[in-house]
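In: Predicted model, plus sequence, below.
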Amino acid sequence: MAGTRYHIGERTEATGSTTPAIAKGFAIGSAALLSLPLFGAFLCPFSSMTMKSVGSTTLKMVDEVRKQFNTISGLMEGHAELDYATYVKFSIDASIK
């Protein structure tokens, strides 16, 4: 349409379709490289939240053990047993949370 020869049109069409393909390749590559540090950052806060939950649940269980040793008579001598259902409840509640 511009009055150019046929081979010039072939070259510009080849360049026009190659350039977006290369740009898409760079975009896909950079997205793949970006996903690795994002995944690593996700693992770090998730792990710290898990450890925090385990620590708080453990403190609740220790407090319950102290309370049961103070309230249940014969526990220190081996004549009575701990109320294990309370500890299971603490564990289940923490895992659901």
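Out: Perfect, thanks for sending it.
In: Please work out the average pLDDT along the longest helix belonging to the chain.
Out: Ranked by number of residues, the top helix in the chain under DSSP state H is helix 6-71. Helix 6-71 shows a mean pLDDT of 81.
In: packing partners for that helix?
Out: In terms of contacts (3 or more CB pairs under 8 Å, 6 or more residues apart in numbering; DSSP states H and E), helix 6-71 is packed against helix 84-96. No exception for glycine: its C-beta is placed from N, CA and C like everyone else's.
In: Okay, buried residues for the helix it packs on please.
Out: 87, 90 (16 or more other CB atoms under 10 Å).
In: Can you show me the CA trace of it as PDB?
Out: Only the C-alpha atoms of helix 84-96 are listed here, as PDB (Å, rounded to 0.1, in the frame of the first residue of the first chain):
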ATOM      1  CA  TYR A  84      -6.200 -36.200  79.300                       C
ATOM      2  CA  ALA A  85      -9.400 -35.000  77.500                       C
ATOM      3  CA  THR A  86      -8.500 -31.400  78.300                       C
ATOM      4  CA  TYR A  87      -5.100 -31.700  76.600                       C
ATOM      5  CA  VAL A  88      -6.700 -33.300  73.600                       C
ATOM      6  CA  LYS A  89      -9.200 -30.500  73.400                       C
ATOM      7  CA  PHE A  90      -6.300 -27.900  73.500                       C
ATOM      8  CA  SER A  91      -4.500 -29.700  70.700                       C
ATOM      9  CA  ILE A  92      -7.700 -29.900  68.600                       C
ATOM     10  CA  ASP A  93      -8.600 -26.300  69.100                       C
ATOM     11  CA  ALA A  94      -5.100 -25.200  68.200                       C
ATOM     12  CA  SER A  95      -5.000 -27.300  65.000                       C
ATOM     13  CA  ILE A  96      -8.300 -26.000  63.900                       C
END
